[in-house]
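Trainee: The following block contains a protein sequence and its predicted model.
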Amino acid sequence: MTDHNGQTAGTGRAPSPPNRLRALVGVFFTIVLTFVGLTAVTFVISRVMPVDPVLAIVGDRASQEVYDQVYLRLGLDQPIWVQYLRYINSLLHGDLGTSIMTGQTVMSDIARFFPATLELATVATLLGVFVGIPMGVVAAVNQGRWPDHVVRVVGLIGYSVPVFWLGLVALLVFYAKLGWTGGPGRVEVYFDGIVEPYTGVLLLDAALAGEWEVFRNAVSHLILPATLLGTFSLAYVARMTRSFMLDQLGQEYILTARVKGVSEFRVIWGHAFRNVLVQLITIIGLTYASLLEGSVLTETVFAWPGIGSYITRGLFNNDMNAVLGGTIVVGACFVGINMLSDVLYRLVDPRAR
Amino acid sequence: MASSDRLLQVHNLSVSFDTPRGEVNAVRGISFDLGREKLGIVGESGSGKSQTGRAILGLTGPGSRVTADRLEFDGINLLNADQATLRRVRGARISMIMQDPKFSLNPVMSVGRQIEEAYLVHTRANRREARERTLSMLASVQIRNPERVYDAYPHEVSGGMGQRVMIAMMMIPEPDIIIADEPTSALDVTVQLQVLAILDDMVSRRGMGLMFISHDLNLVASFCDRVLVMYAGRVVEVCEASQLHHAQHPYTRGLIGCLPSVSHPHEVLAVLDRDPEWATAPSAADP
Amino acid sequence: MPATESQGLRAWLMSDAPASAWQARAQRIYLSWRVFARNPIAMTGLFIVGGLIVMAILAPWITHSSGLDPVLDERLQPWSAQHWLGTDELGRDIYDRIVWGSRITLYIVALVGIIVVPLGLLIGTLAGYMGGVVDNVLMRITDIFLAFPRLILALAFVATLGRGLENAILAIALTTWSPYARIARAEALTIRNSEFILAARVAGASTLGILLRHVVPLCASSVIVRLTLDMAGIILTAAGLGFLGLGAQPPTPEWGAMISSGRQFLLDQWWVPTVPGIAIFIVSLGFNLLGDGLRDVLDPKREGG
């Protein structure tokens, strides 16, 4: 899934301040470049699209005059790089165009849909981290024995199961048959609109407003999709933790700690795990980012009103502004989270400081 | 021989490992005693000298099998001891200095904390006392600026300093026996002597037993009291360091012959001729 | 093979002192195979993937229908002797559709592999071997693709290219090649400075010749292992696109699309969407197990100790 940049800084001395500055400039440069790349791809897609952007606005019954007018207004007569610069410019002003589906600006749509995705992905990641890490550690410590096999099999299953299908089955079993959890959507229809959307994250809003019944209902709706989405991140985190941990347990400083007479618990959590944690930061950032985008399928299955289902609906309605706007926002989050974990990693690892 | 108090008694010790190619015998039935002396163990890589040291501490790792007629330290049977007993011995009574501080120090823990830990594990001291001890220990391995080194991370110290940190860490609980596994092989030649001098000084002053594992025959001969020569998991020769040039075994003689000498320069350095019989002959007894 | 001969072969393979490079190589493969064969997880994976391939090859002989034509008076039937896995909403035999669908799954995996491996190898080895500006530019591009949200980007690609199986495959390939370039580059960097490359260069071999004859073959193995590990992910992504209606279009028996169309019958005829889901699960599990086992074999560090 990734090349984590964990092991590069091991050899040299502490970086001197100019080096650190250069590293920061490098990080910044990468961000800018990635954004340029991202927007270039979306821009190209928007130009290659078989949908005529002018027609999409004026409709097919407009006169040639109106058509030409809009054509000019959109700047389609300009050279392609000017169009790109204009595109970037409007992006920087937060202008992602208007959605055909909703008739509102894509920006305001995203502001409405994004918190739902954020909520889902965050809960799923927390699940993956707090269950996956201990699982991975236990597996590594018991390498080759049954806990290791159990974790490995759980991990492999988590990796192999099509989440959208498991979602359907889970809905059938836990909602339709057993009635243990809430069904599709974020909350039962009759609770809709009770809570004022301050943050857009329903759990937070309900708690802030003291509407505990809404809160409970929202939790019962969240639990299935978050668990399913979390399964993947759990599998990934557990697997990486196991592999990092095995790596560390084979290092000589572990022998040193044991020679000192340190208890096995401290050897594992005080020595090996500290090193693992440094590497895990990147991994956790990566899962979080990938869950933000990976929720597309889960959202579709659970009718979760998030950015993923917004993008898919946009696709089916030929609403390119919605699709590309959503892509850019998710991409930006993706890049942002990865950069954040990179910075965090630099802060935590003494070798990278 | 200075074995009036035999701290460590090893009799017929064997270490083997399971590998995909089958069982590999790293150590095959060796015996020796260690008192408050400096015992050198010499051999080429793969001769089993490192595994001997680790077997004493019960740290040969997963997939290994250790057997012995006797593996006893100060009345404690190390072979059948439970983990708790072993942990009380490790560090506090028997300690080990590893080869390369680049790998043997925890990269994300400050040097001071790592030394301190060795002390805190075996005493009820509080953090402040431990810190004091650590600083004075750093000073006694001739680190000029203990306060600064205390807060440094392993990647920030040089190899020589790292190895002095290692010595401080292993000496701080004042063990009876130190096993030094190639403690200077990863260091520059100029630093080697310095580190050796510190090690020698501390071992002699505290009257510890030292098991000095090395591939360097010259070094061992000049540094230790007694030398054990290992080949293919067996002890082929045991003798006083001063008597090494009278060594009997052809392997030892071969090793000596391989050393370049200033007083008797050779046109071509001798190359060891190996006799497969050496690997199968029974271990030399510890006199 | 007779016992005596296999004894001799075994001895030859286990010998401590290989007499030739060929014997050493054979020994290495044999030892790897022994580790691999001892690993029940890996063998299960091999068995599943092998089964999938056999199923795809034998499809015409082990099915009764093409799985495409509606039989409207046999709609939504449960399991029976005639329809082992029941029938779907158009009366098509689900077992037949699953069997034919295995071909599509293999087609997806193979096609993505055929695009991604050469592309990753080309970019990676070129960057690693040439170094300097070429390396910088190529790796920046790779990084940009690495930093993209994959699934969303695939969605956007499909939106542009139009819905359909081939376009879904292309979209997946376009969003998966970047790690391969990274791996190939890392390998090429270590190979670049080895003696035999220097020798080839001194002997006057062209850069392209060295790249194709020496660097690429040596980098290929790790890229291919990575592909095995990624297979399951590729299958799941393709099925996901199919489920969203962006991949294979009806009536193609693509498993993801089958789940999607069977979705509405989940409550009353649960087997309709469930069976293809299980098929996807088993196959991607098989690839995962296989990849895991391969990695264990090829990365001796993981063998503990």
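Mentor: Happy to help now that I have it.

Trainee: Give me the neighbour count for C:Arg92.
Mentor: As a burial measure, C:Arg92 scores 23 neighbours (other Cβ atoms under 10 Å in any protein chain shown). Every residue, glycine included, has its C-beta placed from N, CA and C.

Trainee: Would you mind listing the residues in contact with it?
Mentor: C:Ser65, C:Gly67, C:Leu68, C:Asp69, C:Pro70, C:Val71, C:Pro251 (Cβ atoms under 8 Å, 6 or more residues apart in numbering or on different chains).

Trainee: Likewise for C:Trp79?
Mentor: So C:Trp79 contacts C:Leu85, C:Gly86, C:Trp271 (Cβ under 8 Å, 6+ apart).

Trainee: Name the SS class of it, please.
Mentor: What DSSP: H, G, I helix; E, B strand; the rest coil gives for C:Trp79 is coil.

Trainee: Over to the one 5 residues further on?
Mentor: Per three-state DSSP, the local secondary structure of C:Trp84 is coil.

Trainee: The helix or strand harbouring B:Arg148 close to chain A?
Mentor: If you go by DSSP states H and E, B:Arg148 is part of helix B:146-150. No: applying Cβ under 8 Å from any Cβ of the partner chain, one finds helix B:146-150 out of contact with chain A, separated by at least 12.6 Å.

Trainee: counting contacts, what elements does that helix pack onto?
Mentor: For helix B:146-150, the elements it packs on are helix B:111-122, helix B:127-140, judged by 3 or more Cβ pairs under 8 Å, 6 or more residues apart in numbering or on different chains; DSSP states H and E.

Trainee: Out of those helices, which is closest to chain C?
Mentor: The closest of the helices and strands packed on helix B:146-150 to chain C is helix B:111-122. By Cβ to the nearest Cβ, the value is 24.4 Å.

Trainee: touching chain A at all, the closest one?
Mentor: Yes: using Cβ under 8 Å from any Cβ, helix B:111-122 reaches chain A at B:Gln114, B:Glu117, B:Ala118, B:Val121, B:His122.

Trainee: Adding neighbour count and pLDDT, write those out as JSON lines.
Mentor: Shown next, in JSON lines, are these (neighbours: other Cβ atoms under 10 Å in any protein chain shown; pLDDT from 0 to 100):
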{"residue": "B:Gln114", "neighbour count": "24", "pLDDT": "94"}
{"residue": "B:Glu117", "neighbour count": "24", "pLDDT": "93"}
{"residue": "B:Ala118", "neighbour count": "29", "pLDDT": "92"}
{"residue": "B:Val121", "neighbour count": "19", "pLDDT": "91"}
{"residue": "B:His122", "neighbour count": "21", "pLDDT": "90"}
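
Trainee: Kindly format the C-alpha coordinates of the helix holding B:Arg148 as CSV.
Mentor: Extracted in CSV, the C-alpha atoms of helix B:146-150 (Å, rounded to 0.1, in the frame of the first residue of the first chain):
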residue,chain,number,x,y,z
PRO,B,146,28.0,13.5,31.3
GLU,B,147,25.1,15.9,31.5
ARG,B,148,25.1,16.4,27.8
VAL,B,149,25.5,12.8,26.9
TYR,B,150,22.8,11.8,29.3
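
Trainee: which residues touch A:Asp98?
Mentor: Heads up, residue A:98 is Thr, not Asp. With Cβ under 8 Å, 6+ apart, A:Thr98 has these contacts: A:Gln104, A:Thr105, A:Val106, A:Asn321.

Trainee: Tell me which stretches of the stretch 101-250 of chain B form strands.
Mentor: Ranges of strands within the stretch 101-250 of chain B are B:177-181, B:209-214, B:226-231, B:234-240, based on DSSP state E, counting those that start in this stretch.

Trainee: quick one, what contacts A:Tyr310?
Mentor: So A:Tyr310 contacts A:Asp109, A:Ile110, A:Phe113, A:Ala322, A:Gly326 (Cβ under 8 Å, 6+ apart).

Trainee: Out of these, flag the one nearest to A:Ser290.
Mentor: A:Gly326 (15.9 Å; Cβ to Cβ).

Trainee: so which strand or helix has residue 276?
Mentor: If you meant another chain, say so; for now it's chain A. A:Val276 belongs to helix A:273-301 when assigned by DSSP H and E.

Trainee: meant chain C actually
Mentor: Applying DSSP H and E, one finds C:Pro276 within helix C:271-298.

Trainee: Tell me the bridge partners for the most centrally placed residue in chain B.
Mentor: For chain B, the residue sitting closest to the mean C-alpha position, by Cα atoms, centre = their mean, is B:Ala180 at 2.5 Å. B:Ala180 has these beta-bridge partners by DSSP bridges: B:Ile97, B:Phe212.
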